[in-house]
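> Just the structure for this:
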Amino acid sequence: MEKYNQQAIIDLAIKAGNAIMEIYQKDFAVYDKSDASPLTEADLAAHHFLVEGLERLTDYPVLSEESSEEVKKERLNWDEYWLIDPLDGTKEFVKKNGEFTVNVALIQKGKPTFGVVYAPALETLYVGDIKQGAYKQETGKAAQSITVRTKPTQKSDFVIVGSRSHQSDEFKAFIADYPGADIVSMGSSLKLCLVAEGKADIYPRLGLTCEWDTAAAHAVVEAAGGQVLHAEIGQPLQYNKENLLNPFFIVK
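Sure, this is the predicted structure:
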């Protein structure tokens, strides 16, 4: 028996998205973090809302992108915890293109087992439970079960997902091996979700990300029958590593 109510977690992510949208629809301040990535009022508002809500609803501790350095050290002792990115795709948020998400994942023994990805501007929800499967739900529509699709036999028939804001030289070299393939650009963790719902075949992330960027969508991909693999060794991404940076990875 799980020690949390999945629907309550889903509702919390949606409410966090609604709080983000209140800021999105007006002018907002943008700050620089120590790593020079943008931080907005919305990141911080969603962070506090989610951390307080998850701690109220469950007994699991919470690690957020915006957590203190002290918490980021403590989490090395945790076997089960919530890993969240309150606003994934801050650059997309600042550009106001709608391609940003709220990411909430449950990590158990280094693996994401349940994940919620909510894109509030698109009013689109993805949920994955590795024991029960994955679904997508758009506002006003019934939830639909999702699965990865069978890969094409010809490389030219592949649909490959690329980053909206971060196309590395390695990515360009990767797609050169798929002449004629359709390249789809997308922001945030929605890239992984496109593979999970069968709208794309593969997503090579050959650039830096952190564990909170991928965990929730990783759970959705696996629940949909897909894989998120270390690009060099072909093993599933591991979480709660000493270094929170992910290696390059392939989603398929």
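
> what's the closest non-adjacent residue to Trp212?
The spatial neighbour of Trp212 that comes closest, neighbours along the chain excluded (C-beta to C-beta, 6 or more residues apart in numbering), is Asp85 at 4.1 Å. Placement of C-beta: from N, CA and C, glycine included.

> Checking my notes, the one you found in a strand, right?
Yes: under the criterion used here (DSSP: H, G, I helix; E, B strand; the rest coil), Asp85 sits inside a strand.

> got a list of what it touches?
The neighbourhood of Asp85, defined by C-beta atoms under 8 Å, 6 or more residues apart in numbering, consists of Ser64, Glu65, Thr101, Val102, Asn103, Ser189, Trp212, Asp213, Ala216.

> now, which of those lie within helices?
Within the contacts of Asp85, membership in helices is found for Trp212, Asp213, Ala216, as judged by DSSP state H.

> are any of the residues you listed buried, and which?
Among the ones in helices among the contacts of Asp85, those classed as buried by 16 or more other C-beta atoms under 10 Å are Trp212, Asp213, Ala216.

> Closest one to Phe248 out of the residues you listed, please.
Taking C-beta to C-beta as the measure, Asp213 is the one of these closest to Phe248, at 13.0 Å.

> distance of that closest one from Leu190?
Distance of Asp213 to Leu190, given as C-beta to C-beta, to the nearest Å: 12 Å.

> With Arg56 instead?
Using C-beta to C-beta, which is the criterion applied here, Arg56 is 28 Å from Leu190.

> More neighbours: the two, which one.
Set side by side, Arg56 and Leu190 show unequal neighbour counts under other C-beta atoms under 10 Å, the larger going to Leu190 at 24 against 9.

> Ser145 falls within a strand, correct?
Yes: secondary structure of Ser145, determined by three-state DSSP: located in a strand.

> residue boundaries of the helices in the stretch 101-250 of the chain?
Taking DSSP state H, counting those that start in this stretch to define them, one finds helices in the stretch 101-250 of the chain at 169-175, 190-196, 211-223.

> Indicate which one of these is closest to Gly110.
Closest approach to Gly110 among the helices of the stretch 101-250 of the chain is made by helix 211-223 (10.1 Å; C-beta to C-beta).

> Pretty sure Gln235 sits against Pro247.
No: if you go by C-beta atoms under 8 Å, Gln235 and Pro247 don't touch, sitting 9.7 Å apart.

> who has more neighbours, the two?
Per other C-beta under 10 Å, whichever of Gln235 and Pro247 has more neighbours is Pro247, with 17 against 11.

> Give me the pLDDT value at the more buried one.
At Pro247, the pLDDT value in this model is 97.

> gap between it and Gly234?
Using C-beta to C-beta, one gets 11 Å for the distance from Pro247 to Gly234.

> In contact with Ala223, which residues?
Under the contact definition (C-beta under 8 Å, 6+ apart), the residues listed for Ala223 are Gly115, Gly128, Asp129, Ile130, Gln132, Gly133, Ala134, Ala196.

> Arg149 reaches Gly198, doesn't it?
Yes: contact status for Arg149 versus Gly198: in contact at 3.7 Å, counting by C-beta under 8 Å.

> wait, what's in contact with Ala224?
Contacts of Ala224 were listed using C-beta under 8 Å, 6+ apart, and they are Gly128, Gly133, Ala134, Ile146, Thr147, Val148, Ala196, Glu197, Gly198.

> just the CA coordinates of stretch 116-132, formatted as CSV?
Provided in CSV are the C-alpha atoms of stretch 116-132 (Å, rounded to 0.1, in the frame of the first residue of the first chain):
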residue,chain,number,x,y,z
VAL,A,116,3.5,14.1,-12.5
VAL,A,117,4.3,16.6,-15.3
TYR,A,118,1.9,19.5,-15.6
ALA,A,119,2.1,22.1,-18.3
PRO,A,120,-0.2,24.9,-17.0
ALA,A,121,-0.1,27.2,-20.0
LEU,A,122,-1.1,24.2,-22.2
GLU,A,123,-3.5,22.8,-19.6
THR,A,124,-1.9,19.4,-20.2
LEU,A,125,-1.1,16.7,-17.6
TYR,A,126,1.0,13.6,-17.8
VAL,A,127,1.0,11.0,-15.0
GLY,A,128,3.1,7.9,-14.8
ASP,A,129,3.2,5.0,-12.3
ILE,A,130,5.6,2.3,-13.2
LYS,A,131,3.2,-0.3,-11.7
GLN,A,132,0.0,1.0,-13.3
